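Asker: sequence and predicted structure are below.
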Amino acid sequence: MSDSTQKVINSLKKRHRKEKVFRAAGATAIGFGFLLVFLLITDIITKATPAFKQNWIAIEVDFQPDLLGIDGLDLTRLPKGDYRTVLRSAIFEMMPEVSGRRDKRSLFGLISSSAEFEIRNHLVANPADLGKKVTVWVKVDDDVDSYLKDDVVVGEPGIRISEKQATWIKKWVDSELIESRWNSEFFSLGDSREPESAGVKGALTGTFYTMLVTLVLSFPLGVAAALYLEEFAPKNRWTDFIEVNINNLAAVPSIVFGLLGLAVIINIFGLPRSTPLVGGIVLTLMTLPTIIIASRASIKAVPPSIREAAMGLGASRMQVAFSHVLPLAMPGIITGTIIGMAQALGETAPLLMIGMVAFIVDVPGGITDPATVMPVQIYLWADSPERAFVAKTSAAILVLLGFLLIMNSFAAFMRKKFEKRW
Amino acid sequence: MTSSTLIFVVLFLALFSYWYGIQRSIKVAGGATQVKKLVSLPRQFGLLTAMWCGLPALIFLLVWTFFESTVIEALLVQSLSVEVQQLDQSALGLYLNDVRLLSDSSAEVLQKADPDKVFAAEKLLEINRDAAWLKSGLVLILCLSCVAFIISRFAVDFRARVYLEKIIMRVLLACSIIAILTTVGIVMSVLFESIQFFSSVPPWEFLFGLEWSPQMALRADQVGSSGAFGAVPLFAGTILITIIAMCMAVPVGLMTAIYLSQYASERLRSYAKPMLEVLAGIPTVVYGFFAALTVAPFIRDTGEALGLSVASESALAAGLVMGVMIIPFVSSLSDDAINAVPTALKEGSLGMGATQSETIKQVLLPAALPGIVGAFLLAVSRAVGETMIVVMAAGMAANLTANPLDSVTTVTVQIVKLLTGDQEFNTPKTLAAFALGLMLFVTTLALNVAALKVVRKYREQYD
């Protein structure tokens, strides 16, 4: 054997070891990716599960007309009664052993502040119960709710339940007054400062209106721009400039679009702050590059033979573009649009700039009502100190991720179903 | 009529003129049987009429909306007393704001208010009413006269299609110019506000000052709120978090791309690609939540167990999670770069007896390097501009430190904090946000242009 062959053979072992190490590093990187996705999703799902349940408590309410301060005959005055007093006396009657002002106050704090409205709604719906003693289910306070759900002990950081309160709660649980129910209000209520009364309906409606504005503006504009650039634009500096602009806009940080919205759309054009209209316009400007780039790629993929055949039969360039190229490119354009919309759906930063971060309880009724959107709602709840909001935030994230999943799978389905190789 | 109803009216009129145009063209031809005489199709006549009906009116409406508030304000001020007219800019703004509020108020409020302002509010309502009438009237007249004009030109040899296509072409061109308008709008908005900011805070103080505390003193005798606008701590914080993110994203992203394109089986690839898409599709606010509530406490507890003092909003937590966000970005761009290397190079190397990893390290990566560098630059630009993760997980304190366990703040965090909440618009505090926005825009633009240049150069080598 020659010298160099010997050298190669000697080094082979080392080289193969290096190969193995390198390969293992690659596999680790992929495994790390899978681990991250797994961690992220399980973390959010575990945190979210408590939010889908809510603990309710049965209270024997005595609807005495004189306690309510209303005349028993005039039913129209029912909603204006003093339900707070009725509720207080019902709770204190239920727990006769509690005495002293401080204890009574801390006992009353265990019931949600929405409880008086719940018993009011009960009486308004069942006026026959006036003067009777009835069992009404009301929500417990969020601190009690998290205490019951999270399997924790008094004294842990973040638990705002005292020893005394814990014994009262235990008494309720033992006498089966507490019931855990599916939290449907999470989807039917607007935002609230009280975690047990906070829902995502306001944010979902706001998201719907914002996305509607975005879609109505960005789809026609994007398709028109792509069609012009791909089919009609002469190759000159001007169109090059437009192209460079579009590519650069695609990489501009989203928050800068928020600055644009604040300075131009709100302060110069005077459109109303915090509204889906402004939010939609800002998101349109942000998603346009995505839609234009995807649409151009799709239009470019339509083979020239189609255009030539149409032109050969006497169609004008405009007719070729609108009746032949555009329908064939449509699946790709729609896929691109969905991806752009999914991006817009998850976007938060620019909307903070234009004031969609305000605390809004009412569900918006149109594109010019103040509103917030899902991602901003998540941001707001994540900032709230109450323990129960962690679960609410995670649940809202799950809802948002659900929508994104639907949109992206639809895009993937479209791509698979209509993808054509010419 | 409000603008939105007016838009619907115009659209309805346009629909009607489409039908009307078709009917007229058939009549011009001399009945339904004679339609072939026409140079263009009746449908094209109809579309042309609809365009003439709708477009001028909508453009007019748009222009009107832009100038309405300014003109109305000027008219209102003119009709008010001389004292009001001589108020300075900000006092006038406050006065007009009161007037606007009053014009929406109930009679009870009006009784208690300053009679001068009540008079002004009534005047404002009057002007608004007149303006609304004028707007509706002009729009409708415009619609009808345009339709009448185009109908009057209908003839057998009227080339409706050619005119129609010319109009459509203009509309398409206008749509593609929106991209340029957006860029111009961004540059103008950040530039103007920044120039205003730099007239009260000198640029060198902003660029090289070491102290950032944008709280302005509300009263002259207030202590502790000097209003220092030295942005160096913000730049340092941004750079620190970006470096941490890159340390996470580049090795993982690059190795993922290499493994997927060179080693992985078809099956693994069919799982790994969607996994990367999931990572890429998760909204940044979710990453922010994850960073703030899961990663940051974990790092703090681990640090404490090791005897280190870790801030609860450490740069490390925000940086790591941002790195995770960027992994799919780096990986897909590097994948493109690696796949663009001609197979001949790879096969040549393998044929000479190099192992696969040697081929990758000594042939593929050097050949793909420009593309990978481009990907790296784009990823840096992403990290610098990322907002939600740092807003939720990084701190507010403008510390000038290189310790990743400390809390730092970034440019984007400060923009958000300066601009959310109600405040006067023209204080240096809010203007500072636009100056930071300008820095951000310029930085990311430079990074993108550089990345594009590098990638272009690379393409020239192999095509």
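Answerer: Now that the structure is in, tell me what you want to look at.
Asker: below-threshold pLDDT in the chain: ranges please.
Answerer: Going with chain A. In the predicted model, chain A carries pLDDT under 70 at residues A:1, A:71-75, A:158, A:421-422.
Asker: my bad, the chain I had in mind was chain B
Answerer: Counting by pLDDT under 70, chain B has low-confidence residues at B:1, B:216-226, B:421-426, B:458-463.
Asker: for the longest strand anywhere in chain A, the distance to its chain's centre please.
Answerer: Looking across chain A with DSSP state E, the single longest strand is strand A:53-62. Here strand A:53-62 is found 30 Å from its chain centre; the criterion is CA atoms, centre = their mean, to the nearest Å.
Asker: touching that strand from outside, list them.
Answerer: Strand A:53-62 has contacts (CB atoms under 8 Å, 6 or more residues apart in numbering or on different chains) with A:86-87, A:89-91, A:93-94, A:111, A:115, A:119, A:122, A:132-140, A:144-145, A:148-149, A:172, A:177-183, A:185, A:196. Backbone N, C-alpha and C define where each C-beta goes, glycine included.
Asker: and the strands in the stretch 51-200 of chain A, which stretches?
Answerer: Applying DSSP state E, counting those that start in this stretch to the stretch 51-200 of chain A gives strands spanning A:53-62, A:133-139, A:178-182.
Asker: could you tell me the angle between the second one and strand A:53-62?
Answerer: Angular relation of strand A:133-139 and strand A:53-62 on a 0 to 180 degree scale: 160 degrees, by axes from the mean of the first three to the mean of the last three CA atoms, to 10 degrees.
Asker: identify each buried residue in strand A:133-139, please.
Answerer: Using 16 or more other CB atoms under 10 Å in any protein chain shown as the test for burial, strand A:133-139 gives A:134, A:136-139.
Asker: I'd like those residues as CSV, with distance to B:K417 appended.
Answerer: What follows is the buried residues of strand A:133-139, written out as CSV (distance: CB to CB, whole Å):
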residue, distance to B:K417
A:V134, 51
A:V136, 45
A:W137, 43
A:V138, 39
A:K139, 35
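Asker: between those, which is closest to chain B?
Answerer: If you rank the buried residues of strand A:133-139 by distance to chain B using CB to the nearest CB, A:K139 comes first, at 24.7 Å.
Asker: in three-state terms, label A:E386 for me.
Answerer: coil (DSSP: H, G, I helix; E, B strand; the rest coil).
Asker: ignore the last one, A:F359
Answerer: Three-state assignment for A:F359 (three-state DSSP): coil.
Asker: that one - nearest residue in space that isn't next to it in sequence?
Answerer: Excluding its sequence neighbours, the residue lying closest to A:F359 (CB to CB, 6 or more residues apart in numbering or on different chains) is A:D191, at 6.6 Å.
Asker: residues in contact with that neighbour?
Answerer: Per CB under 8 Å, 6+ apart, neighbours of A:D191: A:198-199, A:202-203, A:359-361, A:372, A:377, A:380.
Asker: list the buried residues of the longest strand of chain A.
Answerer: So strand A:53-62, judged by 16+ other CB under 10 Å, has buried residues A:54-59, A:61.
Asker: so which bits of the stretch 301-450 of chain B are right by chain A?
Answerer: With CB under 8 Å from any CB of the partner chain as the criterion, the stretch 301-450 of chain B meets chain A at residues B:324, B:327, B:355-358, B:360-361, B:378, B:381, B:384-388, B:391-392, B:412, B:415-416, B:419-420, B:425, B:433-434, B:437, B:440-441, B:444-445, B:448-449.
Asker: just these: which are in helices?
Answerer: Among those, the members found in helices (DSSP state H) are B:324, B:327, B:356-358, B:378, B:381, B:384-385, B:388, B:391-392, B:412, B:415-416, B:419, B:433-434, B:437, B:440-441, B:444-445, B:448-449.
Asker: sorry, back to before: CSV for the buried residues of strand A:53-62, including distance to B:F67?
Answerer: CSV is the format used below for the buried residues of strand A:53-62 (distance: CB to CB, whole Å):
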residue, distance to B:F67
A:Q54, 52
A:N55, 57
A:W56, 57
A:I57, 60
A:A58, 63
A:I59, 61
A:V61, 60
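Asker: picking that back up, can I get the buried part of the residues of the stretch 301-450 of chain B next to chain A as one PyMOL selection?
Answerer: The buried subset of those, as determined by 16+ other CB under 10 Å, is captured in PyMOL by this line:
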select buried, chain B and resi 324+327+355+356+357+358+360+378+381+384+385+386+387+388+391+392+412+415+416+419+433+434+437+440+441+444+445+448
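Asker: all helices for the stretch 101-250 of chain A, in order.
Answerer: Counting by DSSP state H, counting those that start in this stretch, the stretch 101-250 of chain A has helices at residues A:101-108, A:115-125, A:142-149, A:163-174, A:185-188, A:201-227, A:237-250.
Asker: okay, these in a markdown table with distance to B:S194 next?
Answerer: Output for the helices of the stretch 101-250 of chain A, formatted as a markdown table (distance: least, CB to CB, whole Å):
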| stretch | distance to B:S194 |
| --- | --- |
| helix A:101-108 | 54 |
| helix A:115-125 | 50 |
| helix A:142-149 | 44 |
| helix A:163-174 | 55 |
| helix A:185-188 | 44 |
| helix A:201-227 | 28 |
| helix A:237-250 | 19 |
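Asker: related to what we said a few turns ago, which of the buried residues of strand A:133-139 sit farthest apart?
Answerer: Based on CB to CB, the longest span within the buried residues of strand A:133-139 runs between A:V134 and A:K139 and measures 17.1 Å.
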